[in-house]
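Asks: model this:
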Amino acid sequence: MVEQVATEYAGRVKVVVLDAHENYETTSAFGVMGIPTLIFFMNGKEVGREVGAMKKDRLVDAMKKHFGV
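Replies: Coordinates of the predicted model:
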């Protein structure tokens, strides 16, 4: 679902997927406590975060909230 949203919003947002189990140092640095965690960045700064599984509508709503897309 994340890949589908990335394709639909290509050119407006950049979506990067990170395997938390293979990148412990990165997840630790960002304080990730639950999987899945989506962290929203704008201009290199965190502007929001969503934790837990979600449907596409909720993800799109979160992107609109944080990025206005």
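Asks: count of residues packed around residue 23?
Replies: Counted with other C-beta atoms under 10 Å, residues neighbouring residue 23 total 12. (Glycine included, C-beta is placed from N, CA and C.)
Asks: And the pLDDT for it?
Replies: On pLDDT, residue 23 comes in at 96.
Asks: do the same with the one 10 residues further on
Replies: The predicted local confidence for residue 33 comes out at a pLDDT of 94.
Asks: Backbone dihedrals for it, please?
Replies: Main-chain torsions, residue 33, degrees, to the nearest 10: phi -110, psi -20.
Asks: do you know how far it is from residue 19?
Replies: Distance, residue 33 to residue 19, by C-beta to C-beta, to the nearest Å: 17 Å.
Asks: what's near enough to touch the most centrally placed residue in the chain?
Replies: Note on the chain: the residue nearest the mean C-alpha position is residue 38, at 3.1 Å, using C-alpha atoms, centre = their mean. When contacts are counted by C-beta atoms under 8 Å, 6 or more residues apart in numbering, residue 38 touches 2, 49, 50, 51, 54, 59, 62.
Asks: so which one among those residues has the lowest pLDDT?
Replies: Among these, residue 2 has the lowest pLDDT, at 87.
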